[in-house]
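1. Sequence first, then the predicted structure, then my questions.
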Amino acid sequence: MQSDIFTKLYNGLNSEQKRAVDAIEGPVMVIAGPGTGKTSILTLRIANILQKTDTSPDSILALTFTESGVYSMRQKLVGIIGPAAYRVNIFTFHGFANSIIESYPEYFPRIVGGSNAPEVEQLKILETIFEEGSFDIIKPFGNIFYYVRPALSSIRSLKRENVSPAEFLELTKKEEKTLLQTEDLYHEKGKYKGEMKGVYKTALKKIEKNKELAVVYERYEKALSKQRLYDFEDMIVETIKALKNNPDLLLILQEEYQYILADEHQDANNAQNTILELISGFHEN
């Protein structure tokens, strides 16, 4: 530990920043605007944990969102604690998921031995699904591939929120049930008496569209699996499945990482948050 550098940086903090760095045990959240030194606080907190506890550098996990963020955090930490910074686990969320897959391949039969599908291959799979499938809304007569790219974008979003095809279909059906139970669903008088109101017709059509998307999503997943392919989002989705279905693997990782820090956490999606919750779930708080 280069204590003189740590002391100099620490003394330059305000009282609230010092509180965050000094908080070693238990959950800590730092809320601040851009450019206010949140990443610096995170690296100083790592240094402080190493300075005040007997924690090994490789028992600390720091997660961020970009490779440039990983590099920046690592360089700041090297300046504070020296070569030990290279032993601290600093990853993007996808990089962390990939490290688990590489370290414990036996838990990932869906991924290991497969290939990452480039976007052109993903679109090709979806085009086949659209061409062969019978869809009323998302396959317009004039251009049957019109919704292929939007469908891929939606599937990616669903995976980032850790929503499976079955869960998405169930959510869509619940939304439909709620809509059809609306009290003022139909016009009660006038020229259109007995007809569904336009706003609800629009909402119902969107629900029907999402039902078809759920079918596309399910067939897309089956096609990826059959061809031994996986997409970028699958790395995190499959990691979540492995951690939920294998308590022994989860416990190994929970014991391995004694301190977990997430930079720019406001950008985390549901799948990324689920990984954080699982890894930190050993502790009651």
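-> Perfect, thanks for sending it.
2. Quote the end-to-end distance of stretch 81-100.
-> With CA to CA, to the nearest Å as the measure, stretch 81-100 spans 26 Å from end to end.
3. Now do the buried residues in that stretch.
-> Judged by neighbour count using 16 or more other CB atoms under 10 Å, the buried positions of stretch 81-100 are 81, 84-85, 88-94, 96-98, 100. Using the backbone N, CA and C atoms, a C-beta is placed for each residue, glycine as well.
4. Need the contact partners of it.
-> Contact with stretch 81-100 is made by 1-2, 6, 46-47, 50, 56-58, 60-67, 69-70, 73-74, 77-78, 232, 235-236, 238-239, 242, 253, 257, 268, 272, 275, as judged by CB atoms under 8 Å, 6 or more residues apart in numbering.
5. And the residues you listed, which of them are buried?
-> Buried among the contacts of stretch 81-100 (16+ other CB under 10 Å): 6, 46-47, 50, 57, 60-65, 69-70, 73-74, 77-78, 235-236, 238-239, 242, 253, 257, 268, 272, 275.
6. Which ones among those residues map onto helices?
-> Judged by DSSP state H, the buried ones among the contacts of stretch 81-100 include 6, 46-47, 50, 69-70, 73-74, 77-78, 235-236, 238-239, 242, 253, 272, 275 as members of helices.
7. outside of stretch 11-20, which residues touch it?
-> Taking CB under 8 Å, 6+ apart as the rule, stretch 11-20 contacts Y10, V21, V28, V30, G37, I41, L44, R45.
8. And stretch 205-224, by the same measure?
-> Contacts of stretch 205-224 (CB under 8 Å, 6+ apart): 117, 122, 125-126, 128-130, 133, 135-138, 151, 154-155, 158, 165-166, 168-169, 172-173, 175-176, 179, 229-231, 234.
9. Would you verify that F130 is located in a helix?
-> Yes - assignment of F130 by DSSP: H, G, I helix; E, B strand; the rest coil places it within a helix.
10. hang on, isn't it packed against Y147?
-> Yes - in terms of CB atoms under 8 Å, F130 counts as a neighbour of Y147; the distance is 7.4 Å.
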